[in-house]
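> predicted model and sequence below, questions to follow.
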Amino acid sequence: MNTEFEFTIKSICFDKNYQPSDNTRITTNFANLARGSRRQDNLIDTLEMIHNRFNTLAHWDNPNGDRYSIHLEIISVNIDVESNGCTFPTIEILKTNIFDHKTNKNIEGIVGNNFSSYVRDYDFSVLLLNHNKDKTEFSVPDNFGDLHGKIFKCFVKSNHYKDNFTKLPVICLSVSDNKVYRRTENQHPVLGFEYQPNKSSLTENYFRKMGLQVRYFMPPGSSAPLAFYFFGDLLNDYTNLELASTISTMETFQKIYRPEIYNANTVAGEHYQPSLNHQDYSLTPVDYDREERNHLAAKQGEFAEENFIKPYRKLLDQWSANYTF
């Protein structure tokens with residue numbers, strides 16, 4: 001049973017006028033910023049940070065540091081599991097686009113970057129939590145992440161993806177604060193020094209089920225490494241400008257959401273363990289409520305359970321058991 005689910009793709013601009021749709025997870029990086037009395041200031045400040053960081057990274061033939069602008073699209077993916085027109089919001093990702101003011105040309109960036117998923121909320125905030133309730137030793141449920149991983153691979157393999165995007169996605173996340181990272185001698189001109197973790201993690205295993213491998217790099221001028229999840233060959237499948245567009249976008253979000261790590265006043269050394277208890281950092285001008293974000297993740301997981309997992313459980317279990325990528 002390798003039948004592909006039906007996917008629909010919608011795209012809207014992430015700019016100073018961005019308003020989150022009703023289907024967008026409120027905890028999603030870009031949606032969380034577009035709320036409250038400072039919503040437009042938040043958006044303007046965030047976009048300015050992204051532009052400035054990109055021009056710093058793309059410094060060649062860019063003497064004034066203003067050659068490029070980054071334009072972001074929010075890509076919303078809905079899934080129809082019964083081909084009857086009833087859809088569920090499955091994935092939201094970002095697509096970077098680069099405008100070269102010197103040549104007046106648009107340059108395609110990378111799709112992926114941020115990754116938002118209600119089903120992932122269900123897996124981590126409902127399924128995993130309930131599985132370990134009243135247990136003395138933490139464990140992971142059988143087939144944890146299988147359904148989510150196969151849905152993601154099905155989307156990437158689909159004609160909808162191929163018709164809209166020329167390259168496979170790259171997703172960029174923060175490093176884990178329960179691992180130690182060691183700097184290697186491998187250095188890329190834009191990605192920077194590569195780091196290697198001392199152990200694997202639940203997040204790595206979860207994304208591996210999505211078909212993605214991971215490498216850790218600390219770009220020039222960064223305070224800490226970033227985790228890059230990708231298919232294929234990260235260093236050779238993407239141009240320096242494409243990689244710079246992902247770094248500038250996602251590092252900006254991390255500076256806002258995890259300033260203790262990504263806006264720290266000290267730079268990660270040869271051996272590095274991130275900490276959210278670190279005190280020597282600077283705040284950005286962007287408002288953000290981290291506690292609310294953590295609380296809402298459980299609400300979003302319950303939404304996925306009630307509106308997707310439970311209504312389609314039998315069909316989803318059957319499909320997942322037989323789907324091969």
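Looks like it arrived, so ask away. Residues are numbered from 1 along each chain as shown.
> following the chain onward from the lowest-mean-pLDDT helix or strand in the chain, which element is next?
In the chain, no helix or strand scores lower on mean pLDDT, DSSP states H and E than helix 29-33, which sits at a mean of 70. Next along the chain after helix 29-33, taking DSSP states H and E as the criterion, comes helix 39-57.
> show me what that next one is in contact with.
Identification of contacts with helix 39-57 by CB atoms under 8 Å, 6 or more residues apart in numbering yields 14-18, 33-34, 36, 62, 65-70, 72, 98, 190, 219-221, 244-245, 247-249, 251-253, 255-256, 284-287. C-betas here are computed from N, CA, C, even on glycine.
> just how off-centre is it within its chain?
Between the centre of helix 39-57 and the centre of its chain there are 17 Å (CA atoms, centre = their mean, to the nearest Å).
> please identify the buried residues of it?
39, 42-43, 45-47, 49-51, 53-55, 57 (16 or more other CB atoms under 10 Å).
> excluding its backbone neighbours, what's nearest the residue nearest the centre of the chain?
Nearest to the geometric centre of the chain sits residue 114, at 2.5 Å (CA atoms, centre = their mean). By the measure of CB to CB, 6 or more residues apart in numbering, the closest residue to residue 114 outside its immediate chain neighbours is residue 94, 4.6 Å from it.
> ok, which stretches of the stretch 51-200 of the chain are helices?
Using DSSP state H, counting those that start in this stretch, the helices of the stretch 51-200 of the chain run over 118-122, 128-131, 146-157, 159-164.
> between those helices, which one is nearest to residue 185?
Of all these, it is helix 146-157 that lies closest to residue 185, at 32.7 Å by CB to CB.
> show residues contacting the closest one.
Taking CB under 8 Å, 6+ apart as the rule, helix 146-157 contacts 4-5, 7, 77, 79, 90-91, 117, 119-120, 123, 161, 168-169, 206, 208-211, 231, 316-317, 319-320, 323, 325.
> can you tell me which of these are buried?
For the contacts of helix 146-157, buried by 16+ other CB under 10 Å: 5, 7, 77, 79, 90-91, 117, 119-120, 123, 161, 168-169, 206, 209-211, 231, 316, 319-320, 323.
> inside strands: which ones of those?
Among the buried ones among the contacts of helix 146-157, the members found in strands (DSSP state E) are 7, 77, 79, 90-91.
> can you list those residues in CSV and add distance to residue 148 and pLDDT?
Below are these laid out as CSV (distance: CB to CB, whole Å; pLDDT from 0 to 100):
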residue, distance to residue 148, pLDDT
7, 15, 94
77, 13, 95
79, 11, 96
90, 9, 91
91, 10, 92
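> and which of the residues you listed is nearest to residue 269?
Residue 269 lies nearest to residue 91 out of those, by CB to CB, at 36.0 Å.
> what sits against the closest one?
Counting by CB under 8 Å, 6+ apart, residue 91 touches 76-77, 115-117, 152, 155.
> next one: residue 79
5-7, 87-88, 90, 151, 155.
> now render the residues you listed as CSV, adding distance to residue 141.
What follows is the contacts of residue 79, written out as CSV (distance: CB to CB, whole Å):
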residue, distance to residue 141
5, 23
6, 28
7, 26
87, 27
88, 21
90, 21
151, 17
155, 23
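> quick one on the thing from earlier: farthest pair in the contacts of residue 91?
Largest separation among these by CB to CB: 76 and 152, giving 14.5 Å.
> who has more neighbours out of those two?
Legend: neighbour count by other CB atoms under 10 Å for residue 76 and residue 152, higher for residue 152 (26 against 19).
> from residue 140, how far out is that one?
Distance of residue 152 to residue 140, given as CB to CB, to the nearest Å: 18 Å.
> quick one: pLDDT of residue 210?
Looking at residue 210, its pLDDT reads 97.
> where does it fall, phi/psi-wise?
phi -90, psi 0 (degrees, to the nearest 10).
> does the closest residue to residue 172 other than its chain neighbours belong to a helix, a strand or coil?
Excluding its sequence neighbours, the residue lying closest to residue 172 (CB to CB, 6+ apart) is residue 250, at 3.8 Å. Per DSSP: H, G, I helix; E, B strand; the rest coil, the secondary structure class of residue 250 is helix.
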